[in-house]
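Trainee: Quick one, fold the following:
(chains A and B)
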2 protein chains.
Amino acid sequence: MPYVRVAEIAIDPAQGDRYRAALAEEIEASIDLEPGVLALQAVSDRDNPARIIVFEIYTDEAAYMTHLETPHFRKYKAVAQSIVTSLKLTETAPIALGMKTI
Amino acid sequence: MPYVRVAEIAIDPAQGDRYRAALAEEIEASIDLEPGVLALQAVSDRDNPARIIVFEIYTDEAAYMTHLETPHFRKYKAVAQSIVTSLKLTETAPIALGMKTI
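Mentor: Just a heads-up that it's a prediction; the model follows:
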């Protein structure tokens, strides 16, 4: 079973556009460049756009550790550090990861 | 952009096995039978297995409404109603839905 994490992130609402752009860029690079990143799905709460949820699926925990050392993740983190006001990470056990084969 | 929802579910821990089996069966049927269901990813919190998170991606809101009327979802709901103790649904705006093309 893959390694799955859920991140709940609170951001400075005034910097939402900049944050979302940095996150989208980081996700695109991760999917394109990292074999161990299976999915990174980021959404914002419609009732509170400053609340972000990211569902992260890696082949295994080693792939996650590799991800943290990539240039695109470090670039994202550099932007995020002045925008993110809280970060809650949940380690999970997958029950079912149903995805359409495209 | 697809229609994405996040469900946070608390369950009776004593019925965890039964709940997870019902949820996995429902997810498999939804992915197989419903063109509008793109992903249903269910995990449990490792620190609190009675806390379940489901990340749900539909082609659009109509596909979600169709999903609610399917026999497999109704069967799941019938099992879940005696096990689920709380349900928090978040409507979201997608930022980036990165998934490997398999």
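
Trainee: Longest helix in chain A, please.
Mentor: What stands out as the longest helix in chain A, according to DSSP state H, is helix A:16-33.

Trainee: That one close to chain B?
Mentor: Yes. Shown here: helix A:16-33 in contact with chain B (C-beta under 8 Å from any C-beta of the partner chain) through A:20, A:23-24, A:27-28, A:30-31. C-betas here are computed from N, CA, C, even on glycine.

Trainee: so who does A:Glu61 touch?
Mentor: Listed by C-beta atoms under 8 Å, 6 or more residues apart in numbering or on different chains, the contact set of A:Glu61 reads A:Tyr3.

Trainee: Weed out the non-buried ones from the residues of helix A:16-33 next to chain B.
Mentor: Using 16 or more other C-beta atoms under 10 Å in any protein chain shown as the burial test, the residues of helix A:16-33 next to chain B include A:20, A:23-24, A:27, A:30-31 as buried.

Trainee: which is the next helix or strand following the longest helix of chain A?
Mentor: Toward the C-terminus, helix A:16-33 is succeeded by strand A:37-45 as the next helix or strand (DSSP states H and E).

Trainee: can you pull the buried residues of stretch A:75-92?
Mentor: So, applying 16+ other C-beta under 10 Å, buried residues of stretch A:75-92: A:76, A:79-80, A:83-84, A:90, A:92.

Trainee: Which single one of the residues you listed is nearest to chain B?
Mentor: Nearest to chain B out of the buried residues of stretch A:75-92 is A:Thr92 (C-beta to the nearest C-beta; 3.6 Å).

Trainee: Can you tell me which residues in chain A are near chain B?
Mentor: Counting by C-beta under 8 Å from any C-beta, chain A comes close to chain B at A:4, A:6, A:20, A:23-24, A:27-28, A:30-31, A:37-47, A:49, A:52-53, A:55, A:57, A:90-102.
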